[in-house]
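A.B. asks: Task: produce atomic coordinates for the following.
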Amino acid sequence: MHHNLSLITTIAAALGFGLLFGMLALKLRLPALVGYLAAGVLIGPATPGFVADVDLASQLSEIGVMLLMFGVGLHFSIKDLMEVKKVALPGAVLQIVVATAMGAGLAHWWGWSFGAGLVFGLALSVASTVVLLRALEDKGILDSLNGRIAVGWLVVEDLVTVLMLVLLPALAGILGGDGGDSSKPLWQTIGLTLLQVGAFIAFMLIVGRKLFPWLLWRVAKTGSREMFTLCVIAAAVGIAYGSSAIFGVSFALGAFFAGMVLRESDLSHRAAQESLPLRDAFSVLFFVSVGMLFDPRVLVDMPLQLLAVIVVVIFGKSLAAGLLVVALRYPLNTALTVSASLAQIGEFSFILAGVGMQLKLLPVEGQSLILAGAIISIAVNPLLFAAVEPLQKWIRTKSALARKMERSDDPLAGLPETTDHTKLSGQVVLVGYGRVGKRIAAELSAAGVHFVVAEQNRELVEELRCKGIAAVAGDAGEAAVLIQAHIARASMLVVATPDTSRVRAMLETARALNPQIGTVLRSHSQSETELLRKEQAGKVFFGEHVLADSMASFVLEQLQPAAAGHAAGRSK
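C.D. replies: Numbering: from 1, shown residues only. Below you'll find the predicted structure:
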């Protein structure tokens, strides 16, 4: 056979070596993404042996970018972002500015151009959403306040990055690269670009959000799973390509908005599930193709520069983010969780580096430093998450300043003086006001039972107080928060938050101040449920068991009349 098999060879090598190295990474308790990058290095031109087709891998990675951004859009929720907007919006923007300045400062020190420094700094400022989501899922805190803040923070970073991906080609000529028209005034270049983007966004919000969910419903009615999956993928890739061909915007922005408009459909969850295998496969191709661009010689030739990059990524921007969160009066564990979340770089950094290379803004060594920094920071990230709890205990034990910063002069840290004290005896202390906590609060209100909410989300606490509901802001694992909720006079402690990592500290405080208090806890795993019950932690509800018990009870209730009829027939 004389056919050119380079496409098949590249895909087979990328997926095969990606599988082997991904499994090896998981065995070493590292994210699989590290293994995919290592596989790319192995089959890339910088290492001896088999070399895959770099150009084909680059095109395949473009599809990977589209599907990655499509997945981000499918999971992007303006409502979730609005819940944490007061910390995520200013925090993410300021952190991007600080980290970009750090990276640009390094680039200037090394003698790079301003344009190279800007791209390099931006690439170091944005963390990987893929790595973050997997880390939060592994710790079981994705739905907690800390998880929502971290995800909201990265969503803002993603939006800023998408905007930069749109603007960089237009500004490349002015910044010293190839692209754009440097003869035009800056305002005209930016204005034209934003006009194109605005036209595309208007089209997607006015036409796309009605048309594409309707199309998804029509395809779903055929009953064909194959056609449904095809519709989702065709929408993702087709909109991404069309946005570039018609409106001149990037594939990434088009795919992101494709996910956003499909989220409007009631079938968005199914769309996410059906497209997940293909998105995962092409994301592997994306990371492998990125690894193929990495030159391992940077580890030997530029060790000090690489060390500086790692310091900025793991310590510099994380410290800046943590200080911002504490300054906004959120608890120390929230600050440490956000810091750990940001102490890595990933897919958007690779995309920015690729665009910088295409526009002749970023030097080759810049891309190699970004890739090396990503591999090292992603590998170290699980260790940083594991260190959050011990570090939190150490800081609170050793630093009086940290304790003071968390609660000094905080109007939301204690109940208002106008609170009716007759409602603070025999009340329920409800920890967490998310989806579960809100339902519990509604039932308690309907039954006329008094309660006090302890919630880390300061925006929610402000809303609750406006509604006349007693609420305090803070981490209920801290004794001071439960004391402010008058736990010593409460009849029951109900922990409805998804983050149960601090539940033992809550129980210890509650029983020390109120030995007779009843406790009701929420759990997310069978092992955790059994452990809490062995520790006599009160009534523990495990979601799957509660759902199974409710469904079984309903089935038996429905069958009782029939069973009674059968019994009567047999007695005759």
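A.B. asks: so what's the backbone phi/psi at residue 523?
C.D. replies: Residue 523 adopts backbone torsions of phi -130, psi 160, taken as degrees, to the nearest 10.
A.B. asks: Which residue is the nearest non-sequential neighbour of it?
C.D. replies: Spatially, and ignoring its direct neighbours in sequence, residue 523 is nearest to residue 529 (4.3 Å; C-beta to C-beta, 6 or more residues apart in numbering). Heads up, the C-betas are built off the backbone N, CA and C, glycines and all.
A.B. asks: And the strand or helix carrying the one you found, what does it pack against?
C.D. replies: Secondary structure from DSSP states H and E places residue 529 in helix 526-534. Contacts defined by 3 or more C-beta pairs under 8 Å, 6 or more residues apart in numbering; DSSP states H and E place helix 526-534 against strand 518-523, strand 539-542.
A.B. asks: in the last one, what counts as buried?
C.D. replies: I take that to be strand 539-542. 540, 542 (16 or more other C-beta atoms under 10 Å).
A.B. asks: can you check stretch 467-487 too?
C.D. replies: Those would be 469-482, 484-487, for stretch 467-487 by 16+ other C-beta under 10 Å.
A.B. asks: how long is that stretch end to end?
C.D. replies: 22 Å (C-alpha to C-alpha, to the nearest Å).
A.B. asks: How far off centre is it?
C.D. replies: Chain-centre distance of stretch 467-487: 27 Å, with C-alpha atoms, centre = their mean, to the nearest Å.
A.B. asks: How about stretch 67-75, which residues are buried there?
C.D. replies: Here stretch 67-75 shows 67, 68, 69, 70, 71, 72, 73, 74, 75 as buried, counting by 16+ other C-beta under 10 Å.
A.B. asks: What lies in contact with that stretch?
C.D. replies: If you take C-beta atoms under 8 Å, 6 or more residues apart in numbering as the criterion, stretch 67-75 is touched by 129-130, 155, 158, 162, 233, 236-237, 240, 251-253, 255-260, 262-263, 268, 271-272, 275-276, 278-279, 282-283, 286, 347.
A.B. asks: Please apply the same query to stretch 544-556.
C.D. replies: Taking C-beta under 8 Å, 6+ apart as the rule, stretch 544-556 contacts residue 529.
A.B. asks: heads up, I number from 6, so please use that
C.D. replies: I'll keep to 6 as the first residue from here, and by that count the last item is stretch 549-561.
A.B. asks: could I get the helices and strands packed on helix 531-539 as a markdown table with distance to residue 334?
C.D. replies: Listed next are these as a markdown table, based on distance: least, C-beta to C-beta, whole Å:
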| stretch | distance to residue 334 |
| --- | --- |
| strand 523-528 | 26 |
| strand 544-547 | 31 |
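A.B. asks: Nearest to residue 120 among these would be which one?
C.D. replies: Residue 120 sits nearest to strand 523-528 of all these, at 51.0 Å, using C-beta to C-beta.
A.B. asks: packing partners for that closest one?
C.D. replies: strand 497-500, helix 508-518, helix 531-539, strand 544-547.
A.B. asks: Who are the contact partners of residue 63?
C.D. replies: residue 294.
A.B. asks: Can you tell me how far it is from residue 243?
C.D. replies: 21 Å (C-beta to C-beta, to the nearest Å).
A.B. asks: re earlier: would you convert the helices and strands packed on helix 531-539 into TSV that also reports distance to residue 427 and mean pLDDT?
C.D. replies: Below are these laid out as TSV (distance: least, C-beta to C-beta, whole Å; pLDDT from 0 to 100):
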stretch	distance to residue 427	mean pLDDT
strand 523-528	21	88
strand 544-547	27	85
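A.B. asks: Mind checking what helix or strand follows whatever helix or strand residue 246 lives in in sequence?
C.D. replies: Using DSSP H and E, residue 246 maps to helix 230-252. Using DSSP H and E, the helix or strand that follows helix 230-252 towards the C-terminus is helix 256-268.
A.B. asks: orientation of that following helix relative to helix 230-252 in degrees?
C.D. replies: 130 degrees (axes from the mean of the first three to the mean of the last three C-alpha atoms, to 10 degrees).
A.B. asks: Kindly export helix 256-268 (C-alpha atoms) in CSV.
C.D. replies: Provided in CSV are the C-alpha atoms of helix 256-268 (Å, rounded to 0.1, in the frame of the first residue of the first chain):
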residue,chain,number,x,y,z
PHE,A,256,-12.2,29.1,17.2
ALA,A,257,-11.9,29.2,21.0
LEU,A,258,-14.5,32.0,21.3
GLY,A,259,-16.9,30.4,18.9
ALA,A,260,-16.7,27.0,20.6
PHE,A,261,-17.2,28.7,24.0
PHE,A,262,-20.4,30.4,22.9
ALA,A,263,-21.6,27.2,21.3
GLY,A,264,-21.4,25.6,24.7
MET,A,265,-23.1,28.6,26.3
VAL,A,266,-26.1,28.6,24.0
LEU,A,267,-26.6,24.8,24.2
ARG,A,268,-26.6,25.2,28.0
